[in-house]
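>>> Model the structure of this input:
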Amino acid sequence: MSITAFEWCGRRALVMAFIAAAILAAVAAHATIFGIVQGTARDASHQPVRSATVTLQSETSAWKAVVRTDRQGRYAFLTVPLGDYRLSAGAPGLTAREQRISIAGGASLTADVDLAVAAVSANVEVTAQTVAIDTRSPAVRTTVTRADIARTPGADDPNSLSMITDFVPSAYMVHDQLHIRGGHQTDWLIDGVAVPNTNIASNVGPQFDPRDVDYLEVQRGGYSAEYGDRTYGVFNVVPRSGFERNREAGVDLGFGSFQRTDGHFSIGSHTDRFAYYASGSVNRSNYGLETPGSDVIHDAASGAGAFTSLGYQPGAADQLRLVASARADQYDIPNDPDAEAAGIRDRQTERDAFVNASWLHLVGSTTLLTVAPFFHRNSANFDGGPDDPIVARDHRRSQYAGAQASVAATVAGHDLRIGGFGFSQRDRSSVGLRSNDGSGLVASEDDNPHGSVTAAYAEDAYDVASWLTVRGGVRFTRFSGGIDETATSPRAGFAARLPWANAVFRASYGEYYQAPPLSTVSGPLLAFAVEQGFDFLPLRGERDRQAEAGLAVPVAGWTFDAAVFRTKARNFFDHDVLGDSNIFFPLTIDRAFIRGVEATVKSPEIANRGVFHLAFSHQTAEGEGGVVGGLTDFSPPEEGRFFLDHDQRNTLSAGGTARLPGSAWVSVNVAYGSGFLEGDGPGHLPSHTTVDVAAGTMFGDWSVKVAALNVANKRYLLDESNTFGGTHFASPRQISAQLGYRFHY
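Model prediction:
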């Protein structure tokens, strides 16, 4: 569907008018990696201390901010990246105890600082961490640090998503795709700026190297209206910034099973106003994707990437940030013995690049304006081997260009937020099937669809009482593509602090609209599909309703969190294959019902020797009705509900890291699954357990790490789906070693 110049100008004018109105109203939402830390400095008699110097220092880098208190002893830091910090204050004749605090993205934290007479307290005392959870938000969050990634077995491998599956409940990899809370559709944000992707199940490669991550915050429910169009998970990446280094470079070289080799080079440094980080990486292995059988055949993978993060603060009221990444990956589609004997040589080639920029500007002392343009280009090209019985081609390239703008203020107990978001998408696709029996071309189609998504939201979080925060908001979304759709998505929730247990009870309800991919089938390809018994119906957006409740309890530095959730979906996104071609198209199922119970446990330092983590979920994922969009053979739907192919009732990941004498350490992670759906169900495959181990040490500027994944080499059928290979076996044992060197320049 084409967009006229009049329609484009009208939409642009509408978005600009909305942003201008938001700025004039002086209320908006700060970028999602940033939180607010505010409070009062008081003396021993609990009187406010004027002109006290309050310092917020990162525990993992050289990032630091300093402000002075006003006449009422109040202070505020409005742009604090999520992470762990030490907060302290000082004034002539007075000293302070330092507080260790954690700040989540978008959180507003109140932390008062008590000062003592200097003669009485000559030393600064560091108290235990006082804030381990966001006490004012109904959102469900899990935060993973770069130390977690570096020491969890396999989490820093170039093609790994273990930094998610090992720490986040209801998250698992199956048929080479990340699933979370029963669905595929997730949002990735880098430095708080969206990296949009409306395609489903088209890419199997990563966007960047896990070693470039400083913090990863995963939200999986209770979203504010600021978060838009993905129900099942929001992954907010805070990349390494350069504040953790001082003219330092690092080289990591790895090698291991299946002729694996990989390398990662990075540099970074900072001044008071400018910080930079840049990296490059390469990797290769003879084991890439999940195999259709127990043997690893025709499964090579290789990739290369570059990444940079730049930050500049020209003045106290402004920050400029830029993040850019580019990756290229190639995968041989694995064979079983029969396919290998038949000479099948299918291959997938992927490219991904994005550039995100953001400008943060303080308006007065309480309001923050953020403007962030972004560009994302992604491609996935599947090519069948020249000797395949049917040579398939499925090439897709998508380009996204857009911006998000927001402003926010905390006024009289209100956190008021208004923002706008939008992008234009242009795709180029080429699909073809050619028979090798001499009949020539079977079907071919080239298409250049385009569309757009625009959204606006408004929200208020209000402290009804000192122990109760309520939140309500609404998000308006407009999609224009093969069809036009509009959605109004209300969000509501509350967080109640229970002082007798130092716990937070939360509950939320939200509605979500997920824009459809720009995918269709027509012409000769449609004729071929009809011959195969298929047809293609227009794709409409998925509309979801999610309700949940949870309880977070910090005890002696430990954090225990539990949640129960229910999701009802209309037009649930899934995917299917066209005949035996290995060409996949999205589809929507009439309805889906997903419910689950989750629990996480995270420890503090235990006896200064180690940490422990656990993530557990009990979940069911069911569908109902027939295929109502995308590729369908019009098979009559099963009566009642049926289990989706990625339904797994129980999923558990538990592990920890222990420090050994000197600088040595050892880490273990145990993963358990009760088994995914077997065939069309209702039975499930047998349960499975794997154990991963890693250990390492440092010698001056050198580091050594060894890891063993699936130590017992358990080879079992993981799932039976119709994606690459048709069935998927668990990954074999992989042993690797990594040598690192750090130096200054």
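>>> alpha carbons only for contacts and neighbour counts from here, please
Noted.
>>> okay, and the helix or strand of the chain with the least pLDDT?
Taking mean pLDDT, DSSP states H and E as the measure, the chain has helix 5-25 as its least confident helix or strand, at a mean of 39.
>>> Show me what the helix or strand hosting Val67 is packed up against.
Element membership for Val67 (DSSP states H and E) is strand 64-68. Applying 3 or more C-alpha pairs under 8 Å, 6 or more residues apart in numbering; DSSP states H and E, one finds that strand 64-68 makes contact with strand 53-58, strand 74-81.
>>> Mean pLDDT lowest where, among those?
Mean pLDDT values for the helices and strands packed on strand 64-68 show the minimum at strand 74-81, a mean of 83.
>>> Could you list the paired strands of that one along with their orientation?
When sheet partners are counted by DSSP bridges, strand 74-81 sits next to strand 34-42 (antiparallel).
>>> from the middle of its chain, how far away would the partner strand be?
27 Å (C-alpha atoms, centre = their mean, to the nearest Å).
>>> Which residues outside it are in contact with it?
By C-alpha atoms under 8 Å, 6 or more residues apart in numbering, the residues outside strand 34-42 that reach it are 48-50, 52, 69, 72-82, 89, 103-115, 192.
>>> between it and strand 64-68, what angle do the directions make?
40 degrees (axes from the mean of the first three to the mean of the last three C-alpha atoms, to 10 degrees).
>>> Tell me how many other residues surround Arg478.
Neighbour count of Arg478, defined by other C-alpha atoms under 10 Å: 17.
>>> is it true that it touches Val453?
Yes: counting by C-alpha atoms under 8 Å, Val453 is a contact partner of Arg478 at 5.7 Å.
>>> which residues do the two both contact?
Counting by C-alpha under 8 Å, 6+ apart, nothing touches both Arg478 and Val453.
>>> Which residues lie in contact with Glu43 in this structure?
No Glu there; residue 43 is Asp. Counted by C-alpha under 8 Å, 6+ apart, Asp43 has contacts 49, 94, 114-116.
>>> Between those residues, which sits nearest His688?
Taking C-alpha to C-alpha as the measure, His688 lies nearest Asp114 of the contacts of Asp43, at 52.1 Å.
>>> circling back: return the members of the contacts of strand 34-42 classed as buried.
48-50, 52, 69, 73-82, 89, 103-115, 192 (16 or more other C-alpha atoms under 10 Å).
>>> Quick one: distance of the strand holding Val67 to the chain centre.
30 Å.
>>> Can you tell me, leaving aside adjacent residues, what's nearest to Ala304?
Excluding the flanking residues, the one nearest Ala304 by C-alpha to C-alpha, 6 or more residues apart in numbering is Val282, at 4.2 Å.
>>> Neighbours of that neighbour, how many?
20.
>>> picking up where we left off before, just give me the least confident of the contacts of Asp43.
Ala116 (75).
>>> Hmm, that residue is touching Ala96, no?
Yes: using C-alpha under 8 Å, Ala116 is in contact with Ala96, at 6.1 Å.
>>> between the two, which one's more packed in?
Taking other C-alpha under 10 Å, Ala116 and Ala96 do not tie; Ala96 has more neighbours (26 against 20).
>>> Quickly list what the more buried one is bridged to.
Residues in beta-bridge contact with Ala96 (DSSP bridges): Leu115.
>>> in the stretch 301-450 of the chain, which ranges drop under the pLDDT threshold?
Within the stretch 301-450 of the chain, the stretches with pLDDT under 70 are 438-441.
>>> Please, where are all the strands along it?
301-315, 318-332, 347-363, 367-383, 390-411, 414-435, 440-447, 450-465 (DSSP state E, counting those that start in this stretch).
>>> and the fourth one with strand 74-81, angle?
Strand 367-383 and strand 74-81 meet at an angle of 10 degrees, taking the same axes, to 10 degrees as the criterion.
>>> ok and strand 367-383 relative to strand 414-435, angle-wise?
Going by the same axes, to 10 degrees, strand 367-383 makes 10 degrees with strand 414-435.
>>> Can I get strand 367-383 in CSV? Just the C-alpha atoms.
Taking C-alpha atoms only, strand 367-383 is exported to CSV below (Å, rounded to 0.1, in the frame of the first residue of the first chain):
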residue,chain,number,x,y,z
THR,A,367,12.5,18.1,34.0
LEU,A,368,14.4,16.0,31.4
LEU,A,369,13.9,16.1,27.6
THR,A,370,15.2,13.3,25.5
VAL,A,371,15.3,13.1,21.7
ALA,A,372,16.7,10.0,20.1
PRO,A,373,16.8,9.3,16.3
PHE,A,374,17.7,5.7,15.2
PHE,A,375,18.4,3.6,12.1
HIS,A,376,18.3,-0.2,11.8
ARG,A,377,19.1,-2.4,8.8
ASN,A,378,18.7,-6.1,8.9
SER,A,379,18.8,-8.9,6.3
ALA,A,380,18.4,-12.6,6.3
ASN,A,381,19.1,-14.6,3.1
PHE,A,382,18.4,-18.3,2.8
ASP,A,383,19.9,-20.1,-0.2
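>>> Would you mind getting the angle between that strand and strand 318-332?
10 degrees.
>>> what's the angle between strand 367-383 and strand 390-411?
Using the same axes, to 10 degrees: strand 367-383 against strand 390-411 is 170 degrees.
>>> got the end-to-end distance for stretch 717-727?
7 Å (C-alpha to C-alpha, to the nearest Å).
>>> do the same with stretch 443-453
Calculated as C-alpha to C-alpha, the first-to-last residue distance of stretch 443-453 is 32 Å.
>>> List the buried residues for it?
443-446, 449-453.
>>> ok, now stretch 516-528?
Buried residues in stretch 516-528 (16+ other C-alpha under 10 Å): 516-521, 525-528.
>>> go on, stretch 303-311?
Buried, per 16+ other C-alpha under 10 Å, within stretch 303-311: 303-311.
>>> Columns distance to Ala139 on top of the residues you listed, output as a markdown table?
Shown next, in a markdown table, are those (distance: C-alpha to C-alpha, whole Å):
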| residue | distance to Ala139 |
| --- | --- |
| Gly303 | 35 |
| Ala304 | 35 |
| Gly305 | 33 |
| Ala306 | 33 |
| Phe307 | 30 |
| Thr308 | 30 |
| Ser309 | 28 |
| Leu310 | 29 |
| Gly311 | 28 |
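>>> Quickly name whichever of these is closest to Asp561.
Ser309 (32.7 Å).
>>> doesn't Val323 make contact with the closest one?
Yes: using C-alpha under 8 Å, Ser309 is in contact with Val323, at 4.5 Å.
>>> where exactly do the helices run in the chain?
5-25, 146-151, 162-165, 337-341, 523-531 (DSSP state H).
>>> Tell me which other helices or strands the shortest one touches.
What it means is helix 162-165. By 3+ C-alpha pairs under 8 Å, 6+ apart, helix 162-165 packs against strand 171-174.
>>> Would you map the strands across the stretch 501-650 of the chain?
Counting by DSSP E, counting those that start in this stretch, the strands of the stretch 501-650 of the chain are 503-514, 535-537, 542-555, 558-577, 584-602, 610-632, 641-643, 650-659.
>>> tally of neighbours for Ser435?
16.
>>> That one - nearest residue in space that isn't next to it in sequence?
Nearest to Ser435 is Ile390, by C-alpha to C-alpha, 6+ apart, at 4.5 Å.
>>> shaky segments in the chain?
1-33, 118-132, 438-441, 578-582, 722-725.
>>> Could you find the residue nearest the spatial middle of it?
Phe235 (1.8 Å; C-alpha atoms, centre = their mean).
>>> how close does Thr55 sit to Ala96?
11 Å.
>>> who touches both of the two?
88-89.
>>> Go ahead and confirm the residue nearest to Ser435 touches Asn436.
Yes: contact criterion C-alpha under 8 Å: Ile390 and Asn436 qualify, at 6.0 Å.
>>> ok, these two, which is more surrounded?
Counted by other C-alpha under 10 Å, Ile390 and Asn436 do not tie: Ile390 has more neighbours, with 20 against 15.
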